[in-house]
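1. give me coordinates for this.
(2 chains)
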Amino acid sequence: MAKGDKNVEAITARDVDFAQWYTDVVKKAGLVEYSSVKGCVILLPFGYALWEQIKDELDARFKATGHENVYFPMFIPESLLQREKDHIEGFAPEVAWVTHGGDEELEERLCIRPTSEVLFCEYFANAIQSHRDLPKKYNQWCSVVRWEKSTRPFLRTREFLWQEGHTAHATQDEADAQTLMMLHLYADFAEDYLAVPVLRGRKTDKEKFAGAKETLTIESMMHDGKALQMGTSHNFGDGFAKAFDITYTDKDNKLQHVWQTSWGLTARLIGGIIMAHGDDNGLVLPPKIAPIQVAIIPIASHKEGVKEKAYEIENLLSKNFRVKLDVSDRTPGWKFAEYEMKGVPVRIEIGPKDIEQGQAVLVRRDNREKVTIRLENIEQAVHNALQELHISLFETARQNRRNRTKEVFRVDELRETLDESAGFAKAMWCGDRACEDRVKEEATATSRLMPFKQMPIGDTCFVCGKPADKLVVWGRAY
RNA sequence: CUGGGUGUAGCGUAGCUUGGUAGCGCGCCAGCAUGGGGUGCUGGAGGUCGAAGGUUCAAAUCCUUUCACCCAGACCA
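-> Numbers count the residues shown, from 1 in each chain, chains lettered A, B, ... in the order given. Model (predicted):
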């Protein structure tokens, strides 16, 4: 152990114990604190800032595609929740109930929304009369509650922040197009903004949303090879419309049911970013969502001109980047480690020797290489470093996915493959639910998705051997 | 919900078997020096042992219940 290391509260090495590493990073990077209620966490400023970055960007994209924000209540009367049979069956086991107001027992208990489909449906049934009232394209940012049995920060909490979009359309085609559009919006966001490569496709009936006709999904792979669902877009067809009697009068004065979609994405994404990009030194944040993109660390700041130069650089870079200049009296080494733990993409070191030479030291978070740059080029150098870092994160994650994706032709082969090393496995499937259940039992794997881009690797089901035309990606998921 | 583990100062821990009201390291505060990878020295402050109940003259220590956290499952975003 090197001198000084006794002060380091080291995190568990990523490849030694991934689960423990994750917990360490979440705590040491100052993202969350546990509360006194199981599965409910406090999002600390830095953790919440990540959510704000995600929220702001997505919100802008939603608005650019014609959606409006609304806010619906958090309580749902039990009778309302029960209107759609599959929906209630899917959610009943994990809803939290409010039974009392003060000391008085309520006549009808209220559930705390696990999702708000039924509330939107109730409203739509009332608000939609004519084809002129369509489409309705609503979104809300809120938290929902699901009484999960096992919990962990970001990945599975009992209360979590999310966004839920709810739309109603005049035609099936419109609803189909909406479902697909939102999925691609999510996918583009994940790749362009979070630098997390995703697979786009459809869920099997077994895995689709309770009450949906079809669920589209984006699936990503974490560094340890396990899968994480990053967002889903559901096509309801006219199922909910019929259950809630949501009708409109069309141009020919005929009564029609509407066609609906819903789509959602949660603060779980933050867990995805951590597990996709993080390393043994902590978080590694994709530049576009990093609350701090550049940390400026003055060296020997008591010396003549150092602070002044540091402020100068801060002012200059602040025009185009999110910058943090740390003039606290902690030592440079402490600051280096701290901002690395927090995943800050680029660090600028500026000290007396640099100033003499008209230069600064730039360090990229992912490779931690120190590069000397000319002060007059600093904006360009930071810009380039951020851009290269994004590409590098994306490519590294994609390479990991490539390395961990196999093709399998028997269920026992799937099990062996995943036991040896977690990852994705492609296999042909006949479409039979029984086969999917067998995969779960015998290989403890679930179907992640049926990619839009189907590239068959055979023509028989890897479970039952009957003719099969569906390529499914299987894996073990968070 | 099942199985295993843990809970003592902000963090990490010793003490628990063989009851006698807490010790260490880091961090924190003050000062001086230092400053290019978690800086050094000196001096301080901070806990009543997750919570509740019980046994006892006496409980961090023994018993019961309960809550939370971690790991692996089952369930799920």
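2. which of the residues in the longest helix along chain A are buried?
-> Criterion DSSP state H: the longest helix present in chain A is helix A:378-403. By neighbour count with 16 or more other CB atoms under 10 Å, helix A:378-403 contains the buried residues A:378, A:381-382, A:385-386, A:389-390, A:392-394, A:396-397, A:400-401. No exception for glycine: its C-beta is placed from N, CA and C like everyone else's.
3. so does that helix get close to RNA strand B?
-> No - if you take CB under 7 Å from any atom of the strand as the test, helix A:378-403 misses RNA strand B, and the best it gets is 12.8 Å.
4. quick one: contacts of the next helix or strand after that helix?
-> Going down the chain from helix A:378-403, the next helix or strand is strand A:405-407, by DSSP states H and E. Here strand A:405-407 makes contact (CB atoms under 8 Å, 6 or more residues apart in numbering) with A:Thr417, A:Gly423, A:Phe424, A:Ala425, A:Lys426, A:Ala427, A:Ile457, A:Val473.
5. give me the number of residues near the residue nearest to the third one when sequence neighbours are not counted?
-> Which is A:Phe424. Nearest-residue entry for A:Phe424: A:Thr405, 4.4 Å, with adjacent residues in sequence omitted and distances by CB to CB, 6 or more residues apart in numbering. A count of neighbours around A:Thr405, defined by other CB atoms under 10 Å, yields 16.
6. please apply the same query to A:Ser318.
-> Neighbours of A:Ser318 (other CB under 10 Å): 13.
7. per-residue confidence at the residue of chain A positioned farthest from its centre?
-> The C-alpha centroid of chain A is most remote from A:Glu304, which lies 46.2 Å away (CA atoms, centre = their mean). Per-residue pLDDT puts A:Glu304 at 87.
8. distance check, the closest residue in space to it that isn't next to it in sequence against A:Glu312.
-> If the residues on either side of it in the chain are set aside, A:Glu304 comes closest to A:Pro352, at 7.6 Å by CB to CB, 6+ apart. For A:Pro352, the distance to A:Glu312 (CB to CB, to the nearest Å) stands at 15 Å.
9. ok, now A:Cys121?
-> Applying CB to CB, the value for A:Cys121 to A:Glu312 is 58 Å.
10. ok, those two, which is more surrounded?
-> Higher neighbour count among A:Cys121 and A:Glu312: A:Cys121, with 27 against 13, using other CB under 10 Å.
11. before we move on, which element is that one in?
-> Following DSSP H and E, one finds A:Cys121 within helix A:117-127.
12. so for that helix, mean pLDDT?
-> Helix A:117-127 shows a mean pLDDT of 97 in the predicted model.
13. same check on stretch A:397-414?
-> The average of the pLDDT scores along stretch A:397-414 is 96.
14. equivalent analysis for stretch A:281-295, please.
-> Across stretch A:281-295, pLDDT averages out at 97.
15. with just CA atoms, put that stretch into CSV.
-> Provided in CSV are the C-alpha atoms of stretch A:281-295 (Å, rounded to 0.1, in the frame of the first residue of the first chain):
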residue,chain,number,x,y,z
ASN,A,281,-12.1,4.4,-9.8
GLY,A,282,-15.8,5.0,-9.6
LEU,A,283,-18.3,6.6,-12.0
VAL,A,284,-17.6,7.4,-15.5
LEU,A,285,-20.2,9.8,-16.8
PRO,A,286,-21.1,10.3,-20.5
PRO,A,287,-20.2,13.9,-21.2
LYS,A,288,-23.6,15.0,-22.4
ILE,A,289,-25.3,14.3,-19.1
ALA,A,290,-22.5,14.9,-16.7
PRO,A,291,-23.6,17.6,-14.3
ILE,A,292,-20.0,18.7,-14.2
GLN,A,293,-18.2,18.2,-17.5
VAL,A,294,-14.9,19.8,-16.6
ALA,A,295,-13.2,20.0,-13.2
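16. buried ones in that stretch, by neighbour count?
-> For stretch A:281-295, burial by neighbour count (16+ other CB under 10 Å) applies to A:281-295.
17. out of those, who's nearest RNA strand B?
-> Closest to RNA strand B out of the buried residues of stretch A:281-295 is A:Asn281 (6.1 Å), distances taken as CB to the nearest atom of the strand.
18. contacts with RNA strand B among the buried residues of stretch A:281-295, please.
-> Among the buried residues of stretch A:281-295, proximity to RNA strand B is found for A:Asn281 (CB under 7 Å from any atom of the strand).
19. could you work out the most separated pair of the buried residues of stretch A:281-295?
-> Farthest-apart pair in these is A:Asn281 and A:Lys288; separation 20.6 Å (CB to CB).
20. which stretches of the stretch 101-250 of chain A form helices?
-> Secondary structure of the stretch 101-250 of chain A (DSSP state H, counting those that start in this stretch): helices at A:117-127, A:172-192, A:239-244.
21. A:Asp432: neighbour count?
-> Number of residues near A:Asp432 (other CB under 10 Å) recorded here: 14.
22. hang on, A:Gly458 in a strand?
-> No - with DSSP: H, G, I helix; E, B strand; the rest coil as the criterion, A:Gly458 is located in coil rather than a strand.
23. which residue is nearest the middle of chain A?
-> Taking CA atoms, centre = their mean, the centroid of chain A lies closest to A:Leu269, which sits 2.0 Å from it.
24. list the contacts of that one.
-> A:Leu269 makes contact with A:Ile54, A:Ala190, A:Leu194, A:Met230, A:Gly231 under the criterion CB under 8 Å, 6+ apart.
25. I'd guessed A:Leu228 sits against A:Glu219; true?
-> Yes - counting by CB atoms under 8 Å, A:Leu228 touches A:Glu219, with 7.3 Å between them.
26. among the contacts of strand A:405-407, which lie within helices?
-> The helices, defined by DSSP H, take in A:Thr417 from the contacts of strand A:405-407.
27. most widely separated two among the contacts of strand A:405-407?
-> Distances among those were taken as CB to CB; the most separated pair is A:Gly423 and A:Ile457, at 15.7 Å.
28. ok, back up a step: RNA strand B: which of the buried residues of helix A:378-403 is nearest?
-> Lowest distance from RNA strand B to the buried residues of helix A:378-403 (CB to the nearest atom of the strand) belongs to A:Ile378, with 12.8 Å.
29. how about stretch A:89-97, does it get close to RNA strand B?
-> Yes - contact of stretch A:89-97 with RNA strand B (CB under 7 Å from any atom of the strand) involves A:Gly90, A:Pro93, A:Glu94.
30. would a markdown table of these with pLDDT and neighbour count be doable?
-> Shown next, in a markdown table, are the residues of stretch A:89-97 next to RNA strand B (pLDDT from 0 to 100; neighbours: other CB atoms under 10 Å):
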| residue | pLDDT | neighbour count |
| --- | --- | --- |
| A:Gly90 | 89 | 17 |
| A:Pro93 | 88 | 10 |
| A:Glu94 | 91 | 13 |
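31. can I get stretch A:124-134 in CSV, CA atoms only?
-> Written as CSV, here are the backbone C-alpha positions of stretch A:124-134 (Å, rounded to 0.1, in the frame of the first residue of the first chain):
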residue,chain,number,x,y,z
PHE,A,124,-59.9,10.3,-21.9
ALA,A,125,-63.3,8.6,-21.8
ASN,A,126,-64.7,11.9,-20.6
ALA,A,127,-62.6,14.4,-22.6
ILE,A,128,-62.6,12.8,-26.0
GLN,A,129,-65.9,13.3,-28.0
SER,A,130,-65.0,14.0,-31.5
HIS,A,131,-62.2,13.2,-34.0
ARG,A,132,-61.3,16.9,-33.5
ASP,A,133,-60.2,16.0,-29.9
LEU,A,134,-57.6,13.6,-31.2
